[in-house]
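Visitor: I'd like to go over a predicted model; first the sequence, then the structure.
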Amino acid sequence: MVLRRWRDIGVLHAIGFSPRQILYCYILELSLVLIAGIALAAILVAVAPGALTGSLASFAWAAALAIVVAGSAALPFLLWPLMRAPADVIREST
């Protein structure tokens, strides 16, 4: 799956997207996934508050930690193909 994403990055780069635009697209995608996960968790906390022990501050801390960890884990894998030529990235992923 990672190599398929690299191919997507190579194709976007080859058709004229700048590395910054590609990075923004993937940051937006990651942000939407994280926001959806946090929203679902917030709904769960609102619906079943007795089943979950903890405060709103601990929920906010966990949400912030999830955003930081997911972003820092994804960043190197997004930057690596952007620093290479599009043809190299497409060739390696096939």
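Guide: Cool, the structure landed. Note that this is a predicted model, so its numbers are computed, not measured.
Visitor: could I get the full set of helices for the protein?
Guide: 2-14, 19-47, 56-82, 86-93 (DSSP state H).
Visitor: can you list those in CSV and add mean pLDDT and mean neighbour count?
Guide: For the C-beta atoms, the positions are set from N, CA and C on the backbone; glycine is no exception. Output for the helices of the chain, formatted as CSV (pLDDT from 0 to 100; neighbours: other Cβ atoms under 10 Å):
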stretch, mean pLDDT, mean neighbour count
helix 2-14, 77, 17
helix 19-47, 83, 13
helix 56-82, 79, 13
helix 86-93, 66, 16
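Visitor: quick check: chain neighbours aside, which residue is closest to the most centrally placed residue in the chain?
Guide: Nearest to the geometric centre of the chain sits L30, at 2.6 Å (Cα atoms, centre = their mean). Computed as Cβ to Cβ, 6 or more residues apart in numbering, the closest residue to L30 that is not its neighbour in sequence is A74, at 5.7 Å.
Visitor: is it true that that neighbour touches Y26?
Guide: Yes: between A74 and Y26 a contact is recorded at 7.5 Å, counting by Cβ atoms under 8 Å.
Visitor: thinking again about what came up before, OK, contacts around the residue nearest to the centre of the chain?
Guide: A70, G71, A74 (Cβ atoms under 8 Å, 6 or more residues apart in numbering).
Visitor: just the terminal-to-terminal distance for stretch 41-55.
Guide: 13 Å (Cα to Cα, to the nearest Å).
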